[in-house]
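Enquirer: Take a look and give me a structure for this.
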Amino acid sequence: MFKLSICIIAALLVCAHGDHINKDAQIVNESNSPPDAEGNFQNSFETSNGIRQQTAGNINGISGSFEYVSPEGETIVTTYTADENGYHPQGDHLPTPPPLPDHVIRQLQYIKDHLQEQRI
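Expert: Okay, the predicted model is just below:
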């Protein structure tokens, strides 16, 4: 239930973010397969103003995607999974951490090597 709530919230955020888009948009395509005996489900929709969403999942997790057109006219696409480890979105528009500096990588390797030596 929590996973489904995350997906619904994500879809609502997409709709709320699309405030600049035609508010009279119509659903042009919709598919909904309610959960079967094993909990597998699928749903999707597409609107006339460029919003698309699709989700599939079961008791073990959910995967899906949504897209919309930004105020700048760029199509924003987000794919995601949600499972026992949390919500994992991916998209070119999402911020990413900078790469680790070389000296930090060397320090981490040094720690890893010396921890292994201590265990022996």
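Enquirer: For the rest of this, base every contact and every neighbour count on C-alpha atoms.
Expert: Fine.
Enquirer: Just want the most central residue of the chain.
Expert: Central residue of the chain (CA atoms, centre = their mean): Tyr80, 2.5 Å from the mean position.
Enquirer: check which helix or strand covers that residue.
Expert: strand 75-83 (DSSP states H and E).
Enquirer: now swap in Tyr87 and tell me
Expert: Under the criterion of DSSP H and E, Tyr87 resides in strand 86-90.
Enquirer: so what secondary structure elements neighbour that strand?
Expert: For strand 86-90, the elements it packs on are strand 75-83, judged by 3 or more CA pairs under 8 Å, 6 or more residues apart in numbering; DSSP states H and E.
Enquirer: Can I get the strand it packs on as CSV, trimmed to CA atoms?
Expert: Extracted C-alpha coordinates of strand 75-83, given in CSV (Å, rounded to 0.1, in the frame of the first residue of the first chain):
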residue,chain,number,x,y,z
THR,A,75,9.9,16.8,-22.4
ILE,A,76,10.8,15.6,-18.9
VAL,A,77,10.9,11.9,-18.5
THR,A,78,11.3,10.1,-15.1
THR,A,79,11.6,6.3,-14.7
TYR,A,80,11.5,4.8,-11.2
THR,A,81,11.3,1.7,-9.1
ALA,A,82,10.0,1.4,-5.6
ASP,A,83,10.8,-1.6,-3.5
